[in-house]
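Undergrad: My questions concern the predicted model and sequence given below.
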Amino acid sequence: MSRMREFFNSSSGKLAAIGLVVLALVLAFFSYRSSFGGDDAASISRDRMFVDASSGKPFEHELQMGERIPVKAPSGGMTGYPAELCYWTKDGKRKKDPTPVLLNDSVGKHEPTFCPDCGRLVVGHNPQPGPDSKPPPTKAEYQARRGGGG
């Protein structure tokens, strides 16, 4: 114990102690940041896919504090609406790269939305398929279930 005291009283011991304190502070900072900073959910809620209602083309947009929807789209107008993602193919299989879809409800049309790529029903907060998920209905299947209405 006295040898440690002698070491930390020397100039090299003091430098070593300062180095250990700095290292501990750096580790504490990174530990705090990984626990409480840089939230993935916050990032996901800001960085989203949108669809330009005038062109039908998807684009990425980072929402800013206080920004309203619709957002400015690449076409220049305030026609950017949040996209719902469709994870299905025409034959009812899952796909890795989802198709961004503009919901009819977003633009004031009160009718169901069908994916332009696969033709399947897309709803708000469209869920990702799980291992046992069945594909949503096509427009024809949807209309048959509703008694032919659209």
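TA: Cool, got the structure.
Undergrad: ok, the nearest residue to Lys93 once chain neighbours are set aside - contacts?
TA: Closest residue to Lys93 in three dimensions, ignoring its sequence neighbours and counting by C-beta to C-beta, 6 or more residues apart in numbering: Pro135, at 7.8 Å. The way it works is simple: take the backbone N, C-alpha and C, and place the C-beta from them, glycine included. Contact analysis of Pro135 by C-beta atoms under 8 Å, 6 or more residues apart in numbering lists 88, 92-93, 120, 129.
Undergrad: Looking at these, which one is closest to Ser10?
TA: When the contacts of Pro135 are compared for distance to Ser10 (C-beta to C-beta), Pro129 wins out at 65.5 Å.
Undergrad: Looking at the contacts of Pro135, which is nearest Asn9?
TA: Each of the contacts of Pro135 was scored against Asn9 by C-beta to C-beta, and Pro129 proved nearest at 66.4 Å.
Undergrad: did I read that right, that closest one in a strand?
TA: No: when classified by DSSP: H, G, I helix; E, B strand; the rest coil, Pro129 is found to be coil rather than part of a strand.
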